[in-house]
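>>> Sharing a model prediction with you, sequence too.
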Amino acid sequence: MGRFGLTTTAIVMALGVLVLRVSVPPSEDPGYQAPPAFVIGCLAVVLVVGVLALTAVPAPNRPVTAARVPGLRPLALASGLATLVFFALTFPVFGARQPAFTEGLWVLAPLAAAAIGIAWGYRTLLRWTDSREWTDRHTLALIGGALVAHSAGGMVIMAHNAVDRSGLAAIIALTLLAVYLIDRRLRAREALAAA
């Protein structure tokens, strides 16, 4: 991404956190507010873990394999579907009081299914990303599918009025545009490398 891309990403993420800080509290349970010390502590932990990950943890030395990887569109669709399934298993939707319309301790069943799905997905992604066929375009398809589905899921789960839905629709449109532009750049880079 380069210095400019990383700086821009960091600024956009910080702005996203600020927007969440302003927009989420009105929809929280009445009277609930995380204490400032807790919020600052979470931020400190994230910063420390991030610095350690970038400086102290060595990059994994994994062997390159010949594993087959899915095409870009199927990968984006699978990523989006996995995100929506995760939402369905972990969030109450369509008026349910618990995830997957469960009652009482039965909530552990969809949560366990989500955990198993995450573990399976992690193992599958490790196998795919170790393949010599995996490219930056595959990474983009994976992320793009998840981001679009995340916003679409938010329209169903979190959006309760037209303003929220319109905002999420705009985020989906901007995400699709960004994925398209980045993919075009990656294709040009691949063509240049091939030449």
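Thanks, I have the structure now. Numbering: from 1, shown residues only.
>>> now the chain, which segments are flagged as low pLDDT?
Judged against pLDDT under 70, the low-scoring parts of the chain cover residues 1, 25-31.
>>> Spell out, range by range, the helices that occur in it.
2-23, 36-55, 72-90, 108-129, 136-157, 162-194 (DSSP state H).
>>> Any chance of TSV for those, columns distance to Val64 and mean neighbour count?
Where C-beta positions appear, they are placed from N, C-alpha and C, glycine not excepted. Formatted as TSV, the entries for the helices of the chain read as follows, by distance: least, CB to CB, whole Å; neighbours: other CB atoms under 10 Å:
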stretch	distance to Val64	mean neighbour count
helix 2-23	25	10
helix 36-55	23	10
helix 72-90	19	18
helix 108-129	10	14
helix 136-157	14	19
helix 162-194	17	13
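>>> Select, out of these, the one closest to Gln98.
Ranking these by their distance to Gln98 (criterion: CB to CB) puts helix 108-129 first, at 8.4 Å.
>>> what distance separates stretch 108-122 from the centre of its chain?
The chain centroid and the centroid of stretch 108-122 are separated by 16 Å, computed with CA atoms, centre = their mean, to the nearest Å.
>>> quick one on the thing from earlier: tabulate the helices of the chain in CSV, adding columns for distance to Ala96.
Converted to CSV, the helices of the chain look like this (distance: least, CB to CB, whole Å):
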stretch, distance to Ala96
helix 2-23, 23
helix 36-55, 28
helix 72-90, 10
helix 108-129, 10
helix 136-157, 10
helix 162-194, 19
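>>> For Asn61, find the nearest of these.
Taking CB to CB as the criterion, helix 108-129 is the member of those that comes nearest to Asn61, at 13.5 Å.
>>> which residues are in contact with that closest one?
62, 65, 67, 69-70, 82, 85-86, 88-90, 99-100, 102, 134, 138-139, 142 (CB atoms under 8 Å, 6 or more residues apart in numbering).
>>> can you state the direction angle for that helix and helix 72-90?
Following axes from the mean of the first three to the mean of the last three CA atoms, to 10 degrees, one obtains 160 degrees for the angle between helix 108-129 and helix 72-90.
>>> Now do helix 108-129 against helix 136-157: the angle between them, please.
In terms of direction (the same axes, to 10 degrees), helix 108-129 departs from helix 136-157 by 160 degrees.
>>> and helix 108-129, how far out from the chain's middle?
Distance, centroid of helix 108-129 to centroid of chain: 14 Å (CA atoms, centre = their mean).
>>> Could you do stretch 91-102 as well?
For stretch 91-102 - counting by CA atoms, centre = their mean - the centre lies 21 Å from the chain centre.
>>> Stretch 160-167 now?
Between the mean C-alpha location of stretch 160-167 and the chain-wide mean there is a distance of 21 Å, by CA atoms, centre = their mean.
>>> and if you look at stretch 187-195?
In this view, stretch 187-195 has its centroid 28 Å away from the chain centroid, taken as CA atoms, centre = their mean.
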